[in-house]
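Asker: Structure, please.
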Amino acid sequence: MEVNECYLESVKKQFLYYKMLGEKAIHQLEPEQLFVSLNEDTNSIATIIKHISGNMLSRWTDFLTSDGEKEWRNRDAEFENDLKSKEEVLIVWNKGWDCFENTLNDLKPEQLSDIIYIRNEGHTVIEAINRQLAHYPYHIGQIVFYAKQLKNSSWDSLSIPRNKSGNYNAEKFAKEKEIKNFTDDELKRLK
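Answerer: Here you go, the predicted structure:
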C-alpha cells in the first residue's frame, strides 16, 4: 500500500475512533445533561456538538471546489443553543459526521496534494484533514471531560480504566509484535 493510501486509511480510523468516544460519552448521560452549561462562558455538550457539525458541514460540503468557510455558515449561531432534545442533538451530530465521512471516503490518494481553501488560505488536502484531526478531537475531549463531570453514577471508562494500566500493558506485551493502527483494538473494545 502506498503512503497516501496508508494515510487515508489511518485518518479514517482515527476519526471513527474519536466519533465513537464522543458517542459513548453522550450515551452515558441523561438527556437533560446535554444542555447543562456551568456558566455563561462555557458551552453545553449540545452546543459543542452544534459547532462541530456546523464546522463539518461547512468544511466538507464541496470540499475540493469551494472555500471551506461557506457563505451560508453562521458560526456565531452555532454557539446559541436552540436544540431541545437528545434526539435533535444526535440528528445534528450525525448530519455533520455523515457529510464529513462521505467526503473523506470519496477522496483518492492522488488528491491529497491538491489545494483547497479555508477563508482564502490555501491548504493541501492533507493539511486540511490534519487541521480537522486536531479540531474535532479537541472538542470531543471537551465532551468527554464534561460528560464525566455531569454523570450522576459510575462512569464507563472510554480508555484504560483507572488502576488497570498494568493489566492493559501485560495484555498488549503478551502478543506478538505487529503493524496495525492503534485504533483497531480500541474500536473493537468500544463497540
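Asker: only C-alpha atoms for contact and neighbour calcs from this point on.
Answerer: Noted.
Asker: can you give me the strands for this protein?
Answerer: 115-118, 121-124 (DSSP state E).
Asker: can you pull the buried residues of the last one?
Answerer: Same thing as strand 121-124. The neighbour-count check on strand 121-124 (16 or more other CA atoms under 10 Å) flags His123 as buried.
Asker: Determine how far it lies from the middle of the whole chain.
Answerer: For strand 121-124, the distance from its own C-alpha centre to the chain's C-alpha centre is 21 Å (CA atoms, centre = their mean, to the nearest Å).
Asker: same thing with the first one?
Answerer: A distance of 21 Å separates the centroid of the chain from that of strand 115-118, by CA atoms, centre = their mean.
Asker: CA atoms only for it - export them in CSV, please.
Answerer: Taking C-alpha atoms only, strand 115-118 is exported to CSV below (Å, rounded to 0.1, in the frame of the first residue of the first chain):
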residue,chain,number,x,y,z
ILE,A,115,-5.0,22.8,-2.8
ILE,A,116,-8.3,23.7,-1.1
TYR,A,117,-9.1,27.0,0.7
ILE,A,118,-10.4,27.8,4.1
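Asker: tell me which helix or strand of this protein sits lowest on mean pLDDT?
Answerer: Here the helix or strand of the chain ranked lowest by mean pLDDT, DSSP states H and E is helix 183-190, holding a mean of 76.
Asker: I'd say Tyr93 and His51 touch.
Answerer: For residue 93 the amino acid is Trp, not Tyr. No. Between Trp93 and His51 there is no contact under CA atoms under 8 Å: 9.4 Å.
Asker: one step back: nearest to Phe100, of the strands of the chain?
Answerer: Using CA to CA as the measure, strand 115-118 is the one of the strands of the chain that comes nearest Phe100, at 15.1 Å.
Asker: quick one: contacts of the closest one?
Answerer: With contacts defined as CA atoms under 8 Å, 6 or more residues apart in numbering, strand 115-118 is touched by 59, 63-69, 122-125, 128.
Asker: Since that was my last question, I'll sign off now.
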